[in-house]
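**Q** make a model of this:
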Amino acid sequence: QVQVVESGGGSVQPGGSLTLSCTVSGSIFSVYDMGWYRQAPGKEREMVAIITRRGTTQYAESVEARFTVSRNNAKNTIALQMNRLKPEDTGVYYCYARMAVILSEVTDDDYWGQGTQVTVSS
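**A** A predicted model of the protein is given here:
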C-alpha cells in the first residue's frame, strides 16, 4: 500500500508566500518523477511543476520564476515554494508521484495525494 500526503496549504494575500510539502510512503521500490498539479474551480487540472529523480525541473509558464520545486530522494519528499502569489494561483494543489511499488510484483504507476487548498485573496 502507498500513501501520498500533502500539507501546507492555506490562505494568503496577493504577493505572499506559501510552501507545500508532500511525502510518499509505503511499499515503494523506486520513485521516478514527482510534481505538483492544481485545479481551479471550473477548470481542468494542470501541471504546475515536475521534478525528475535527477533534479531536472519543468514549470508551467504561469509560475516560472515565482515557484520553486525541490525533492529529497532519501526521504521521498517533494516541496513547492510559492512566492509572489496571485489570485489566479488559487486552487486545489495535488502532489503527484510516478513510482515502482511492490505488490505481487514490482509495478509502475501514477499516484496522487488528496489535495490541499491554496487561496490567494485580499
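**Q** only C-alpha atoms for contact and neighbour calcs from this point on.
**A** Noted.
**Q** the residue of the chain most remote from its centre in helix, strand or coil?
**A** What lies farthest from the middle of the chain is residue 104; by Cα atoms, centre = their mean that is 27.9 Å. Of the three states, residue 104 takes coil according to DSSP: H, G, I helix; E, B strand; the rest coil.
**Q** the strands in this protein, which residues?
**A** 2-7, 10-12, 18-26, 28-39, 46-51, 57-59, 67-72, 77-82, 91-102, 106-112, 116-120 (DSSP state E).
**Q** can you add mean pLDDT and give the ones you listed back as CSV?
**A** Shown next, in CSV, are the strands of the chain (pLDDT from 0 to 100):
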stretch, mean pLDDT
strand 2-7, 95
strand 10-12, 97
strand 18-26, 97
strand 28-39, 96
strand 46-51, 98
strand 57-59, 98
strand 67-72, 98
strand 77-82, 98
strand 91-102, 96
strand 106-112, 92
strand 116-120, 98
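**Q** deepest of those strands, which one?
**A** Highest mean neighbour count among the strands of the chain (mean count of other Cα atoms under 10 Å): strand 91-102, with a mean of 22.
**Q** pick out the residue nearest the middle of this protein.
**A** Residue closest to the average C-alpha location in the chain (Cα atoms, centre = their mean): residue 36, at 2.6 Å.
**Q** am I right that that residue is in contact with residue 51?
**A** No - contact criterion Cα atoms under 8 Å: residue 36 and residue 51 do not qualify, at 9.1 Å.
**Q** just to revisit the earlier point, any idea how far residue 116 is from the nearest residue to the residue nearest to the centre of the chain once chain neighbours are set aside?
**A** Nearest in space to residue 36, with sequence neighbours left out and distances taken as Cα to Cα, 6 or more residues apart in numbering, is residue 95 at 4.8 Å. Here residue 95 is placed at a distance of 9 Å from residue 116 (Cα to Cα, to the nearest Å).
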